[in-house]
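J.: Need coordinates for the following:
(one chain, ligands or ions: 1)
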Amino acid sequence: MDDLRQKYLEAIAGAGSEAALEEIRVAAVGKKGEVALQMRELGKMTPEERQVMGPKLNALKDEINSALAAKKEALGDAALDERLKTEWLDVTLPARPRPAGTIHPVSQVTEEVTTIFADMGFSVAEGPQIETDWHNFDALNIPPHHPARQEFDTFYMHRAEGDNRPPHVLRTHTSPVQIRAMLAQGAPIRVIAPGRVYRSDYDQTHTPMFHQIEGLAIDRDISMANLKWVLEEFCRAFFEVDEVELRFRASHFPFTEPSAEVDLRCSWEDGRLKVGEGDDWMEILGSGMVHPKVLEASGVDPTEWQGFAFGIGIDRLAMLKYGIPDLRAFFDSDLRWLRHYGFSALDMPTMRGGLSR
Ligand code: PHE
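T.: Coordinates of the predicted model:
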């Protein structure tokens, strides 16, 4: 029996895995194991012998079982230690890798402009890019044979032959969103509408698709003075300078009366723009007091309500603010350009935190 004890205790001590341990258990104390075989021998013994051997065999069985249990636990601890060592984590690493993509300057500037106007109480309105002829022109006081329709280089959607309904167009400006917003919300109203617009035009400063942001504020007593303040405030915030000077130049749009194009005082140094100083003027937007006919077409009573509207080119703002010389590169999807001019996805423009950094 001592041989048996020594053999199994040594085997248990030397076992390298739980599987090896299980094999030893079966061979030693399993139903057909060596200890069980010895117990079967008890039947052949005299009662005296059995009284001595019986307890001894039981004790041996207990001893082997507890050695197995202790070894099993030790193996488990070792396995856990091993896992803890290999599954070690450096919790000081950043949670995510730096994003490889960048935010396109058009998206960045749209966010910046929206943030500034949201801060002044404007909410965001939207309209479709495929627009009805009526929303894009008629409702904006541009009737079918008005010369302004030619000025816009409009893309007309194809109509089936024999279909004589007026065509849909790719909207040539964001102004139709004025109509949609007033029809939906009535007056008073304060909205901006950023989005894509289309004109058949292509050179260094024109692409067939570009971006505008429309502004509209209608109330009982809104005047050109309010328009001027809002635009000055906007330019100060957008160009991140303390002082700006705007010049309102009399102009003409069918949907505003009076109308003004707005220029910004600036200078150019080594191809880079400086805003608020210098002897140059840079045209940045079109604006005016919303024409009574436009209010009427939008279900707003012009004897009760009045206000201003403006339209700014987003791509142009991006070129000016970030010194980007060629508009066409905006839409080439050249990765090198995007990495150079793009913005970090984690830096959202805010009025408090800064618009661009
Ligand atoms: N829709 C005009 C354009 O695209 C801009 C504009 C908007 C002018 C609102 C006046 C008022 O040129």
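J.: what does the stretch 1-150 of the chain put close to the ligand?
T.: Proximity of the stretch 1-150 of the chain to the ligand, by CB under 6 Å from any ligand atom, involves no residues. Yep, even glycine has a C-beta here, placed from its N, CA and C like the rest.
J.: give me the residue from the stretch 1-150 of the chain nearest the ligand.
T.: Of the stretch 1-150 of the chain, the residue with the smallest distance to the ligand, taken as CB to the nearest ligand atom, is residue 140 at 7.9 Å.
J.: Let me know the pLDDT of the residue nearest to that residue when sequence neighbours are not counted.
T.: Nearest residue to residue 140 in three dimensions, chain neighbours excluded: residue 255, at 4.1 Å (CB to CB, 6 or more residues apart in numbering). pLDDT for residue 255: 97.
J.: doesn't residue 173 make contact with residue 255?
T.: No - Residue 255 is beyond contact range of residue 173, at 9.4 Å (criterion: CB atoms under 8 Å).
J.: out of these two, which sits in the busier spot?
T.: Between residue 255 and residue 173, counting by other CB atoms under 10 Å, residue 255 is the more crowded of the two (25 against 22).
J.: Scan the chain for its longest strand.
T.: In the chain, taking DSSP state E as the definition, the longest strand is strand 256-269.
J.: Take that strand, keep the C-alpha atoms, and write them as PDB.
T.: The C-alpha trace of strand 256-269 is given here as PDB (Å, rounded to 0.1, in the frame of the first residue of the first chain):
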ATOM      1  CA  THR A 256     -35.600  91.000 -52.600                       C
ATOM      2  CA  GLU A 257     -36.400  94.700 -52.600                       C
ATOM      3  CA  PRO A 258     -34.200  96.600 -51.900                       C
ATOM      4  CA  SER A 259     -31.300  94.200 -52.600                       C
ATOM      5  CA  ALA A 260     -27.700  94.500 -51.700                       C
ATOM      6  CA  GLU A 261     -24.500  92.600 -52.400                       C
ATOM      7  CA  VAL A 262     -22.200  92.700 -49.400                       C
ATOM      8  CA  ASP A 263     -18.400  93.200 -49.600                       C
ATOM      9  CA  LEU A 264     -15.900  92.600 -46.800                       C
ATOM     10  CA  ARG A 265     -12.900  94.900 -46.300                       C
ATOM     11  CA  CYS A 266      -9.700  92.900 -46.600                       C
ATOM     12  CA  SER A 267      -6.200  92.800 -47.900                       C
ATOM     13  CA  TRP A 268      -4.100  90.100 -49.600                       C
ATOM     14  CA  GLU A 269      -0.600  89.300 -48.400                       C
END
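J.: So what touches the helix or strand following that strand?
T.: Once the chain leaves strand 256-269, the next helix or strand it forms, by DSSP states H and E, is strand 272-275. Residues outside strand 272-275 that contact it (CB atoms under 8 Å, 6 or more residues apart in numbering): 235, 239, 241, 244, 264-268, 282, 320-321, 323.
J.: same question, stretch 168-180
T.: Against stretch 168-180 from outside (CB under 8 Å, 6+ apart): 125-133, 135-137, 139-140, 152-157, 191, 193-195, 197-199, 212-214, 216, 255, 290, 294, 297-298, 309, 311.
J.: What is the end-to-end distance of it?
T.: One end of stretch 168-180 to the other measures 16 Å (CA to CA, to the nearest Å).
J.: so how far is it off the chain centroid?
T.: Distance, stretch centre to chain centre, for stretch 168-180: 26 Å (CA atoms, centre = their mean, to the nearest Å).
J.: pLDDT on it, on average?
T.: Stretch 168-180 carries an average pLDDT of 97.
J.: got it, and stretch 124-142?
T.: Averaging pLDDT along stretch 124-142 yields 96.
J.: With stretch 191-211 instead?
T.: On average, the pLDDT along stretch 191-211 is 93.
J.: which residues touch that stretch?
T.: Stretch 191-211 is contacted by residues 106, 110, 113-114, 117, 122-127, 129, 152-155, 170-174, 177-178, 181, 185, 212-216, 313-316, 325-328, 330-331 when judged by CB under 8 Å, 6+ apart.
J.: Which residue comes closest to residue 254 once chain neighbours are left out?
T.: Here the residue nearest residue 254, using CB to CB, 6+ apart, is residue 141, at 4.4 Å.
J.: Helices of the stretch 151-300 of the chain, residue ranges please.
T.: 176-185, 224-239, 292-297 (DSSP state H, counting those that start in this stretch).
J.: To the ligand, which of those lies closest?
T.: The ligand lies closest, by CB to the nearest ligand atom, to one member of the helices of the stretch 151-300 of the chain: helix 176-185, at 7.3 Å.
J.: how far away is residue 112 from residue 350?
T.: Residue 112 sits 10 Å away from residue 350, going by CB to CB, to the nearest Å.
J.: Please say which of the two ends up with more neighbours.
T.: Between residue 112 and residue 350, counting by other CB under 10 Å, residue 112 is the more crowded of the two (24 against 12).
J.: Many thanks, I have nothing further to ask.
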